[in-house]
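S.K.: Quick check, what structure comes out for this input:
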Amino acid sequence: MSRGFRALVAALCLVLFSACDDDSPTSPSGTRDASDARGNWEGTFALDTCTGTGSVQDLTCRQRFPAGTTLLVILALSGTEDAPTGTLTLAEMSGQVAATVSSSGAVSLDGSVGDPAAKDEELTAEVTDWDTQLQNGRLVGTFSFRSTGRTLPGEAEVTATIRVLGRVD
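M.R.: Next comes the predicted model:
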């Protein structure tokens, strides 16, 4: 290999790798760091259990989130790599969340989603446990939420397993 060719290759590598800094979500090859949860995610989740009391239990467990059904989940996260924020959609309920991402790829979420289409019953679901792990470009794991109603008595606790939640960007 000629001296000039080696210098050209070295210069090209320097240009390519200097384009990405520590805050960049992608490397020069377009792949993400294994612990980077930022981006757009879509998939499904299966309802494992739904228990509670009062009218909120009836609305949540019998109509909106009956155990055994599979529903849509969408997650959009941006910001810093270790603490991104964004929007979580569970079926027809959507809201703001804050994530914590460990260097090992464990992802937890805090926040709540609401259902503006329900009008008087308006359910709110607070994420009580989001236990997922980044694995091969997917989020895998379980989560739970507590559902309450603006004007309805009672509450419901729902547990779910993510069937598939893959990156779409």
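
S.K.: And the helices in this structure?
M.R.: For the chain, helices defined by DSSP state H occupy the ranges 3-18, 54-57.

S.K.: so how far is Thr132 from Asp36?
M.R.: Counting by Cβ to Cβ, to the nearest Å, the gap from Asp36 to Thr132 is 14 Å. C-beta: built from backbone N, CA, C; applies to glycine.

S.K.: For the two, work out which one has more neighbours and name it.
M.R.: Thr132 (23 against 19; other Cβ atoms under 10 Å).

S.K.: Quick check, that one in contact with Val107.
M.R.: Yes - taking contacts as Cβ atoms under 8 Å, Thr132 lies within contact range of Val107: 4.7 Å.

S.K.: Common neighbours of these two, please.
M.R.: The contact sets of Thr132 and Val107 overlap at 139, 141 (Cβ atoms under 8 Å, 6 or more residues apart in numbering).

S.K.: what pairs with the residue sitting nearest the centre point of the chain across the strands?
M.R.: Closest residue to the average C-alpha location of the chain: Leu75 at 4.1 Å, with Cα atoms, centre = their mean. Assessed by DSSP bridges, Leu75 has beta-bridge partners Trp41, Leu88.

S.K.: I'd guessed it sits against Leu90; true?
M.R.: No - look at Leu75 against Leu90 with Cβ under 8 Å: they stay out of range, at 9.5 Å.

S.K.: that older thread, what's near enough to touch the residue nearest to the centre of the chain?
M.R.: Leu75 neighbours (Cβ under 8 Å, 6+ apart): 40-42, 86-89, 97, 139, 165.

S.K.: what about 7 Å?
M.R.: Leu75 is in contact with 41, 86, 88, 165, counting by Cβ atoms under 7 Å, 6 or more residues apart in numbering.

S.K.: Likewise for Glu157?
M.R.: 51-52, 144, 146.
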